[in-house]
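> here you go, sequence then predicted model.
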Amino acid sequence: MRKTQFLLSLFFLLMTSCSMKVTGQVYLDENEDQYKGEKEAGLTGLAFTVSMNGEPQGEGVTGADGKYEFKDFKNSTEGKICVKISQASLTAKSSSESQPSQGTGSVKKEEQAMVLQAVTEEPASQPTSDDNQGGAESQPNTAGAGPESSKTGATQQPGSLESCIDKAFGEIEISIAIPPLYSDSLALIAKEETRSLKVGEVVPIPVRLLSRCEAQPLVLPQGVEVVSEIMKPNPTTRQLVIAKPKDQKPTSTGVPGGEVTTTALPIRLTKEAPAEVSLTPTMICKNDKLISLPTITLKKIAEPDFLVEQSMSGQIALNQQITVLVTAKNNGAADLSSGTLTVDLPKFVTGVTVETGCNNLGQKVQCGNLTIPKGQALVKTVSFVLPERLTQDTDFEVNSSLTAATLPQEVKAEKITFSLVGPPQEEEGEAEN
């Protein structure tokens, strides 16, 4: 009887004298198999909480390489111990002062100094591939077996941020696998693009891809072209593979596994494009999950039925020849007849030359009785010589317009303006001499 009482007393003495301590590592589980691979990095600066039998024991922050240690237990009895990572801290950026110097120790909440941004993550699916980053050296997410340690392995449900040991005492080890948070990363960078384009205008559209994911072939709608020597669609299927920039360093989103690269997609609309068209790129990540990227909406800027454009070439200098190219476009549904194209010339110019069918009227040129079929354009050129000398700084402008009996109003081109600098002014003393 006395021997039994002695053994029971000794057992309880040993139980109460055991110092409880939990250590472990929080790591990025690249392939979501809950095995720590050699190439799978530890996650520093994540806030965690420790509980025993459902009762909170304390909290801390993971240190170097995602390792942590906690020993501030309120009692030393056997029980279920759980370590849980804070959902919000998955996008936290910790200051260097808030991290333990050796990657161990309990850190109080007021000492963490972390910038938190709450995110929501869908539960990760069961891994579909046994592709492991660490190969044969990978270690399962189970408890260790140190002195007076629990022999029961830690368990963590897929997609959960908590790992537990049911009957734990003494020194135990609990590691936590964090899957790449693709959805959360995408939520931080998601930005739908809406662009308005003229027909033939090339506009670079940014496409943001997670560096751990691969872009899937994108089918280009009719009327949409990609102007690139690197990215060319299949001429039959119109499928385009969006290439990641080779020399671009991925940008971190602050979310585990959320590094991003940006590809500029040079897009052009043709006349066949509808008034509005949408593109939705997709990508496949390492968990074989198909993720849709933000939609790109392209709006075609409708051109007016009639349009006049002008451009100028030549050296803007005294006594130099300038050529003006005037283009009148008919985007309407019917032919234009008996039209008149007028070009108002700058003052002081000489040596005006015009095409056949156009008349030089001094400060203006007129081309009359023009016919412009629907869907076509008519081009005229006018040349002149700038003054040989000027007495002062002078501004010049060229204006072109189209008129016809069938047009409701005059169609004007955007005017061309330029300046020439006159001779330097003489000092008053020099002028008197």
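Now that the structure is in, tell me what you want to look at.
> nearest the geometric middle of this structure, what residue?
Residue closest to the average C-alpha location in the chain (CA atoms, centre = their mean): residue 208, at 3.6 Å.
> surely it meets residue 259?
No: here residue 208 does not reach residue 259: they are 10.9 Å apart, not a contact under CB atoms under 8 Å. For every residue, glycine as well, the C-beta is placed using N, CA and C.
> which element is the residue nearest to the centre of the chain on?
strand 202-210 (DSSP states H and E).
> immediately after that strand, which helix or strand?
strand 214-215.
> who are the packing partners of whichever helix or strand comes after that following strand?
Proceeding N to C from strand 214-215, the next assigned helix or strand is strand 218-219, under DSSP H and E. Judged by 3 or more CB pairs under 8 Å, 6 or more residues apart in numbering; DSSP states H and E, strand 218-219 is in contact with strand 239-240.
> give me the sheet partners of the strand it packs on and which way each runs.
strand 218-219 (antiparallel) (DSSP bridges).
> off-centre distance for the following helix or strand past the partner strand?
Using DSSP H and E, the helix or strand that follows strand 218-219 in sequence is strand 224-226. Distance of strand 224-226 from its chain centroid, counting by CA atoms, centre = their mean, to the nearest Å, is 20 Å.
> mean confidence (pLDDT) on strand 224-226, please.
Mean pLDDT, strand 224-226: 94.
> contacts for it next, please.
By CB atoms under 8 Å, 6 or more residues apart in numbering, the residues outside strand 224-226 that reach it are 220, 232-233, 240, 265-270, 273, 277, 279, 298.
> and residue 314, how many residues sit next to it?
For residue 314, the number of neighbouring residues by other CB atoms under 10 Å comes to 14.
> hey, what's the residue nearest to the centre of the chain bridged with?
Beta-bridge pairing for residue 208 (DSSP bridges): residue 262.
> now do the helices in the chain.
With DSSP state H, the ranges of helices along the chain come out as 2-17, 182-189, 428-432.
> quick check: which ranges of the stretch 301-433 of the chain have low pLDDT?
424-433 (pLDDT under 70).
> now do the strands in it.
306-313, 321-330, 336-344, 350-354, 358-360, 364-372, 377-385, 394-403, 411-412, 416-420 (DSSP state E, counting those that start in this stretch).
> redo those strands as TSV? Include mean neighbour count.
Below are the strands of the stretch 301-433 of the chain laid out as TSV (neighbours: other CB atoms under 10 Å):
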stretch	mean neighbour count
strand 306-313	16
strand 321-330	19
strand 336-344	19
strand 350-354	14
strand 358-360	15
strand 364-372	17
strand 377-385	17
strand 394-403	18
strand 411-412	17
strand 416-420	14
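> could these be laid out in CSV, adding distance to residue 21?
Compiled in CSV, those are given as follows (distance: least, CB to CB, whole Å):
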stretch, distance to residue 21
strand 306-313, 79
strand 321-330, 80
strand 336-344, 89
strand 350-354, 95
strand 358-360, 96
strand 364-372, 88
strand 377-385, 82
strand 394-403, 84
strand 411-412, 83
strand 416-420, 80
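> please pick the buried ones from the contacts of strand 224-226.
Neighbour counting over the contacts of strand 224-226 (16 or more other CB atoms under 10 Å) leaves 220, 233, 240, 265, 267-269, 273, 277, 279, 298 as the buried ones.
> name the nearest of the residues you listed relative to residue 186.
residue 279 (16.4 Å; CB to CB).
> do you know how far that closest one is from residue 210?
Here the criterion is CB to CB, to the nearest Å. By it, residue 279 lies 18 Å from residue 210.
> check residue 90 too.
15 Å.
> rewinding a little: just the CA atoms of the strand holding residue 208, as PDB, please.
The C-alpha trace of strand 202-210 is given here as PDB (Å, rounded to 0.1, in the frame of the first residue of the first chain):
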ATOM      1  CA  VAL A 202      -1.400  49.800 -79.900                       C
ATOM      2  CA  VAL A 203      -1.800  50.000 -76.100                       C
ATOM      3  CA  PRO A 204       0.300  47.900 -73.600                       C
ATOM      4  CA  ILE A 205      -2.100  46.100 -71.100                       C
ATOM      5  CA  PRO A 206      -0.400  44.900 -67.900                       C
ATOM      6  CA  VAL A 207      -1.100  41.300 -67.000                       C
ATOM      7  CA  ARG A 208      -0.100  40.300 -63.500                       C
ATOM      8  CA  LEU A 209       0.900  36.600 -63.000                       C
ATOM      9  CA  LEU A 210       1.800  34.800 -59.800                       C
END
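> what's the angle from it to helix 182-189?
Interaxial angle, strand 202-210 versus helix 182-189 (axes from the mean of the first three to the mean of the last three CA atoms, to 10 degrees): 140 degrees.
> which strands and helices sit next to strand 202-210?
helix 182-189, strand 193-197, strand 260-269.
> want to throw those into TSV with mean pLDDT and distance to residue 398?
Shown next, in TSV, are the helices and strands packed on strand 202-210 (pLDDT from 0 to 100; distance: least, CB to CB, whole Å):
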stretch	mean pLDDT	distance to residue 398
helix 182-189	75	47
strand 193-197	91	28
strand 260-269	90	29
